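Enquirer: Build me a model:
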Amino acid sequence: MFTKRTDLAIEAHELWQEPAGKTPRLAGVKATEKKIQGYPVTQVDILDREGEAALGKPAGSYRTLDLTAFWQRGDGFFDRAVRAVGQQVKELTPDSGPVLVVGLGNRAMTPDAVGPLAADSILITRHLIDAMPQHFSGFRPVAALRPGVLGTTGVESAEAVRGLVDRLHPSAVIAVDALAARSSKRIASTIQIADTGITPGSGVGNHRKALDRETLGVPVVAVGVPLVVYASTIAADALCALGEGEVEEERIAACVERVVSEKLGEMIVTPREVDALVERMAGVLADGINQALHPRLSRDEIAQMMAQ
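Expert: Now for the predicted structure:
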């Protein structure tokens, strides 16, 4: 059965609203909108099991930052995006205690490399505090891990992270990963920040073990950017636009499922300029996380410390 796959809670909410006859309000789900640093933010809170069943996602808070205007390069566009990400991460992260930042994904595959690239630019302080407490006692202990993927390491990301969590006893884990979107318009133009943890590979049908409070024993904040979309979803949207009001959605779904499964398989699409998009988004995520974990330091001070 053809389904429009997405990792984004905002899109899951939109998909629920699409069928005729469904009201905008969904029991067990609360959606609110606001602006932070000039960027629209939609917060979808899944409150109970009814909401989980409706949207197919675990209960928790999902904040979706719309960065469409980011690529228009207005005044202070990068700094404002960093501050917006930092504010949302800070709200979902404990105020004190060590933090482990995990860059999920395969560095060798560009659309999946945003996690490792973001982890490369995280200000790491745990070792400095241990070695020179007289100079760094006021800093928050931060460590980073890039666990790679099962196919190249033979180790599940969740297993590697769990082992380190048991050793470091962090107050929280921040997991950064690439996501899959339903709409191509959200590619590299949306950031989702959630307190529910994450299941690596879920958006592309490659479900791995989850990273969440249940599996790790600590809060897990998931930070992700959609960088791929299914070809079948693009085909379905195109056919719906061409046959709007004339062709039933069930017939379109059947056509897409037959054509895609026979001709294309589970093809996943990403923009041709994905290398530049990934690099830019990794920078926004890393700087935002740094700001959330080290609020007393400016971006320039963080850059100076990392350059030493």
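Enquirer: which residues touch Ile193?
Expert: Ile193 makes contact with Tyr62, Arg63, Leu65, Val85, Gln88, Val89, Leu92, Val221, Ala222, Val223, according to Cβ atoms under 8 Å, 6 or more residues apart in numbering. Where you see a C-beta, it was placed from the backbone N, CA and C, and this is true even at glycine.
Enquirer: Can you list the strands that the host helix or strand of it pairs with?
Expert: Secondary structure assignment for Ile193, by DSSP states H and E: strand 190-194. If you go by DSSP bridges, strand 190-194 pairs up with strand 60-66 (antiparallel), strand 220-230 (antiparallel).
Enquirer: related to what we said a few turns ago, which of the contacts of Ile193 sits closest to Gln134?
Expert: Of all these, Val89 has the smallest distance to Gln134: 29.1 Å, by Cβ to Cβ.
Enquirer: tell me the contacts of that closest one?
Expert: Val89 makes contacts with Ile174, Ile193, Val221, Val223, Gly288, Ile289, Ala292, as judged by Cβ under 8 Å, 6+ apart.
Enquirer: tell me the contacts of the last one?
Expert: Which is Ala292. Val85, Gly86, Gln87, Val89, Lys90, Thr93.
Enquirer: Among the strands paired with strand 190-194, which comes closest to Ala108?
Expert: Nearest to Ala108, of all these, is strand 220-230, at 14.7 Å by Cβ to Cβ.
Enquirer: Off-centre distance for that closest one?
Expert: 3 Å (Cα atoms, centre = their mean, to the nearest Å).
Enquirer: what does stretch 159-178 give?
Expert: 16 Å.
Enquirer: re earlier: any chance of a ChimeraX selection covering the buried ones in the contacts of Ile193?
Expert: Restricted to buried positions by 16 or more other Cβ atoms under 10 Å, the ChimeraX selection for the contacts of Ile193 reads:
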select :62,63,65,85,88,89,92,221,222,223
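Enquirer: possible to save the contacts of Ile193 as TSV with distance to Lys209 and pLDDT?
Expert: Below are these laid out as TSV (distance: Cβ to Cβ, whole Å; pLDDT from 0 to 100):
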residue	distance to Lys209	pLDDT
Tyr62	21	97
Arg63	24	97
Leu65	27	96
Val85	26	97
Gln88	26	97
Val89	23	97
Leu92	22	97
Val221	18	98
Ala222	14	97
Val223	19	97
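Enquirer: of the contacts of Ile193, closest to Arg107?
Expert: Val223 (17.2 Å).
Enquirer: Could I get the contacting residues of the closest one?
Expert: Residues in contact with Val223 (Cβ under 8 Å, 6+ apart) are Val85, Val89, Ala118, Ile174, Ala175, Val176, Asp177, Ile191, Gln192, Ile193, Leu285, Ile289.
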